[in-house]
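> With the input below, show me the fold.
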Amino acid sequence: MRASQVGKSAGRGHQASPLLYEAEVVPGIEDLAIQELREKCGRRLHDIAALRPGFIRFALAPVPAALSSLRSVIALYRVYIFAIPRPKALLGHQHFSRLLKILQAEAASFQRKPQTFGIGAAGANTPVMRRLRQELAQALALVPAADGKGELFMRLLRQADGAGWEVLLRAGAAPLSKRAYRLRDMPGALNSTVAYAMTRCAAPPETGTVVNLCSGSATILIEHGCANATGALLAVERDPAMLAAGDINVEAAGLSARIRPLQADATAVPLPAGAAHQLYADLPFGNLIGTHESNRQLYPRLLKEAARIAQPGAPFIVLTQEIKLLRACLAESPWHVISERRLNLRGMRPRLFVLKRNSIRIE
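Model (predicted):
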């Protein structure tokens with residue numbers, strides 16, 4: 001999206017000039033993020049498009065508070081265009097002064113003064129980039145972040161048409177995906193934006209019970225509860241440490257009155273047949289949690305138990321990287337696939353399935 005395009009959008013009526021943004025999302029859920037942006041920003045949103053996997057560009061005027069409430073977005077960046085041939089030009093007085101003012105204004109908007117600064121770019125360890133990072137950090141009185149990011153974080157990207165360079169400045173001192181309720185993290189815990197995406201894959205029941213098998217630290221049910229005000233939510237987890245971590249996160253999210261923990265094996269849930277109107281499961285991938293051999297035992301038994309406790313026609317939203325195993329188990333189960341989407345989680349390639357229970361009764 002060119003700056004000229006943003007300017008044209010600004011000419012509609014007497015609206016303030018739209019600002020250019022980029023939203024970083026998990027590759028595979030771009031359509032759900034676009035849907036959320038349209039729902040929350042309405043007519044103020046212009047020229048939205050997923051230009052490359054995992055990134056969405058859009059213009060918006062004026063800046064709504066709704067952006068800070070986005071749940072499908074990992075991080076949000078304000079885009080500034082610099083008409084320069086190469087990053088070295090940012091060290092020149094004119095461009096350096098402009099960039100410094102932009103960074104100072106963003107830092108001033110934080111609730112707490114940032115302590116660290118980082119730059120993400122191709123060639124981040126070149127002499128030019130190291131000098132730029134050091135001089136900006138010094139001018140801002142911040143410490144260069146050990147992880148390369150920091151609380152005040154910018155990315156540097158060549159414009160798609162090669163006309164110049166873009167500075168993408170992250171909004172806020174932390175990514176949007178870092179939820180305030182996530183007080184307890186566990187190995188293999190689900191990315192919160194993927195958990196939100198799972199809640200958008202099927203229409204939630206207006207009444208009844210939603211069951212999360214293998215609930216872990218309760219991220220999925222918390223995201224469901226934040227997005228949907230009705231329904232009883234049941235977190236089924238056999239590991240007491242996981243269940244305790246989930247309880248702490250649920251309380252931090254203010255959902256203790258709705259999310260009930262149940263320590264039980266997901267293949268033998270103490271619920272009557274047909275008790276669940278919707279189900280979720282982030283199944284073990286077989287690396288951090290479980291093994292392929294243990295999954296070969298778990299998957300068919302869990303699918304059978306899920307079918308027993310599910311209402312006929314109930315959706316079952318499942319995330320797994322054991323795709324071949326799940327397909328083989330589904331062929332012998334009372335479930336059929338409604339939809340499937342491929343995700344990219346930092347090199348892992350899980351898939352998100354929406355299953356539907358067949359109408360036959362399962363005892």
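> So the closest residue in space to residue 326 that isn't next to it in sequence versus residue 154, what's the distance?
Excluding its sequence neighbours, the residue lying closest to residue 326 (C-beta to C-beta, 6 or more residues apart in numbering) is residue 320, at 5.3 Å. Using the backbone N, CA and C atoms, a C-beta is placed for each residue, glycine as well. With the distance defined as C-beta to C-beta, to the nearest Å, residue 320 ends up 36 Å from residue 154.
> same thing with residue 183?
29 Å.
> Compare those two and say which is more crowded by neighbours.
Between residue 183 and residue 154, counting by other C-beta atoms under 10 Å, residue 154 is the more crowded of the two (25 against 13).
> Torsion angles phi and psi at that one?
The phi/psi pair for residue 154 (degrees, to the nearest 10) reads phi -130, psi 150.
> So for stretch 291-310, what gets flagged as buried?
295, 298-300, 302-310 (16 or more other C-beta atoms under 10 Å).
> same thing with stretch 335-349?
Residues 335, 343, 345 are the ones in stretch 335-349 that count as buried (16+ other C-beta under 10 Å).
> One more: stretch 197-210?
Neighbour-count burial for stretch 197-210 [16+ other C-beta under 10 Å]: 197, 198, 199, 200, 201, 202, 204, 205, 208, 209, 210.
> Likewise for stretch 94-107?
95, 96, 99, 103, 106, 107.
> ditto for stretch 158-170
159, 165, 166, 167, 168, 169, 170.
> Would you mind measuring from the residue nearest to residue 348 when sequence neighbours are not counted to residue 75?
Closest residue in space to residue 348, ignoring its immediate chain neighbours: residue 321 at 5.9 Å, by C-beta to C-beta, 6+ apart. Distance, residue 321 to residue 75, using C-beta to C-beta: 24 Å.
> Can you pick out the residue with more neighbours from these two?
Neighbours per residue, other C-beta under 10 Å: of residue 321 and residue 75, the larger number sits with residue 75, 22 against 18.
> pretty sure that one contacts residue 170?
Yes - counting by C-beta atoms under 8 Å, residue 75 does reach residue 170; the two are 5.4 Å apart.
> And the next helix or strand past the helix or strand hosting residue 137?
Assigned by DSSP states H and E, residue 137 falls within helix 127-140. Using DSSP H and E, the next helix or strand after helix 127-140 towards the C-terminus is strand 143-144.
> Show me what that next one is packed up against.
Helices and strands touching strand 143-144, as assessed by 3 or more C-beta pairs under 8 Å, 6 or more residues apart in numbering; DSSP states H and E, comprise strand 116-120, helix 127-140.
> mind putting those in a markdown table, distance to residue 58, mean pLDDT and mean neighbour count included?
Formatted as a markdown table, the helices and strands packed on strand 143-144 follow (distance: least, C-beta to C-beta, whole Å; pLDDT from 0 to 100; neighbours: other C-beta atoms under 10 Å):
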| stretch | distance to residue 58 | mean pLDDT | mean neighbour count |
| --- | --- | --- | --- |
| strand 116-120 | 20 | 96 | 21 |
| helix 127-140 | 27 | 96 | 16 |
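> Out of the ones you listed, flag the one nearest residue 69.
Closest approach to residue 69 among the helices and strands packed on strand 143-144 (C-beta to C-beta): strand 116-120, 24.4 Å.
> Sheet partners, orientation included, of the closest one?
strand 143-144 (parallel), strand 152-158 (parallel) (DSSP bridges).
> what's the offset of the top helix by length along the chain from the middle of its chain?
Counting residues, the longest helix in the chain under DSSP state H turns out to be helix 292-309. Computed by C-alpha atoms, centre = their mean, to the nearest Å, the separation of helix 292-309 from the middle of its chain amounts to 27 Å.
> next one: stretch 141-156
That offset, for stretch 141-156, works out to 21 Å (C-alpha atoms, centre = their mean).
> got it, and stretch 234-244?
So, by C-alpha atoms, centre = their mean, the centroid of stretch 234-244 is 23 Å from its chain's centroid.
> Check stretch 36-50 too.
Worked out by C-alpha atoms, centre = their mean, stretch 36-50 lies 17 Å from the chain centre.
> Mind listing residues that contact that stretch?
For stretch 36-50, contacts defined as C-beta atoms under 8 Å, 6 or more residues apart in numbering pick out 1, 5-6, 9, 15, 18, 23, 30-31, 34, 56-62, 64, 66-67, 69-73, 200.
> In strands, which of those appear?
23, 56, 57, 58, 59, 60 (DSSP state E).
> any chance of those in a markdown table, plus pLDDT and neighbour count?
Below are the ones in strands among the contacts of stretch 36-50 laid out as a markdown table (pLDDT from 0 to 100; neighbours: other C-beta atoms under 10 Å):
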| residue | pLDDT | neighbour count |
| --- | --- | --- |
| 23 | 98 | 26 |
| 56 | 98 | 22 |
| 57 | 97 | 18 |
| 58 | 97 | 24 |
| 59 | 96 | 23 |
| 60 | 94 | 23 |
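> Nearest to residue 175 among those?
Among these, and counting by C-beta to C-beta, the member closest to residue 175 is residue 23, at 11.1 Å.
> For the closest one, name its beta-bridge partners.
residue 56, residue 76.
> can I assume it is in contact with residue 76?
Yes - Residue 23 lies in contact with residue 76 (C-beta under 8 Å); the separation is 5.5 Å.
> low-scoring stretches of the stretch 1-150 of the chain, by residue?
Counting by pLDDT under 70, the ranges of the stretch 1-150 of the chain that qualify are 1-16.
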